[in-house]
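# give me coordinates for this.
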Amino acid sequence: MSSQLNFDLQPAQPFSLSYFVPHSGVVQAYTLLENTVERLAADQDGFNAIYLYGPSGSGKRHLAFGFQERAAAKGIPNDAFRIVLLPKDPALVTDDFVREVIGSFEQCRARGGLFLAVGEHAPKAISSNPHLTSRLLSGSVTRLQYPQEEELRPLLASLSERRNLRLSQRSLDYLVRRIPSDPLSFDRIFDKISQISLAEGRPAKLGVVRQALE
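Just a heads-up that it's a prediction; the model follows:
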């Protein structure tokens, strides 16, 4: 059995925790995973179950894959850090999928490690199958949310660094005043800034930022 079940696309690039900003909407999940990895490093025979849920772009996958990478650096194998990505559409939670998830959960419980499920919906909204629901509710359940407006600047600065863009404070101010707090929109805007900068051979200064928002 794979240590990762996935009915959705995986991230196109690795998500390093060095680029993750634990703002108020995600800090509880960040701390929970941080503490869990430390416990696993000390005792891999122990069993932990966590379910992270929240809207698209709230950082669930970034945390999951980032802490799996950190766990591996501490000698914790991937089969002791099982990630299950639940479909965005509950209609895709088929009987076969439920059986795979339950099988993975029970294997992890028997062998020890972390069973980490990630989805967009609260446990009872995912499936009417009580066996799946009970397992998602068996451990820690944490909801992630978007950042507050005053937390946007460090998030944008982190994304800028991750993409090797050196945005000035003036450019960051301009973005903060004009974009929504949905982190998915950040990626789209930074993609456009990068495309314009590369296509036109221009540094990513305020003029390029303005053009990207047109």
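# would you map out the domains in the chain?
By the record's domain assignment, the chain is partitioned as 4-143, 149-212 (automatic domain parsing).
# now, of those, which is deepest in the fold?
domain 4-143 (a mean of 17; mean count of other C-beta atoms under 10 Å). For the C-beta atoms, the positions are set from N, CA and C on the backbone; glycine is no exception.
# in contact with N35, which residues?
Shown in contact with N35 (C-beta atoms under 8 Å, 6 or more residues apart in numbering): no residues.
# quick one: it from G25, how far?
To G25, N35 is 18 Å away according to C-beta to C-beta, to the nearest Å.
# from the contact counts, what lies against the helix or strand that contains H62?
Taking DSSP states H and E as the criterion, H62 maps to helix 60-73. Under the contact criterion of 3 or more C-beta pairs under 8 Å, 6 or more residues apart in numbering; DSSP states H and E, helix 60-73 touches helix 27-42, strand 47-53, strand 81-85, strand 113-119.
# just send those back as CSV, with distance to V93 and mean pLDDT too.
Converted to CSV, those look like this (distance: least, C-beta to C-beta, whole Å; pLDDT from 0 to 100):
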stretch, distance to V93, mean pLDDT
helix 27-42, 22, 96
strand 47-53, 13, 97
strand 81-85, 11, 96
strand 113-119, 9, 97
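# TSV for the ones you listed, including distance to P183?
Formatted as TSV, the helices and strands packed on helix 60-73 follow (distance: least, C-beta to C-beta, whole Å):
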stretch	distance to P183
helix 27-42	14
strand 47-53	15
strand 81-85	18
strand 113-119	15
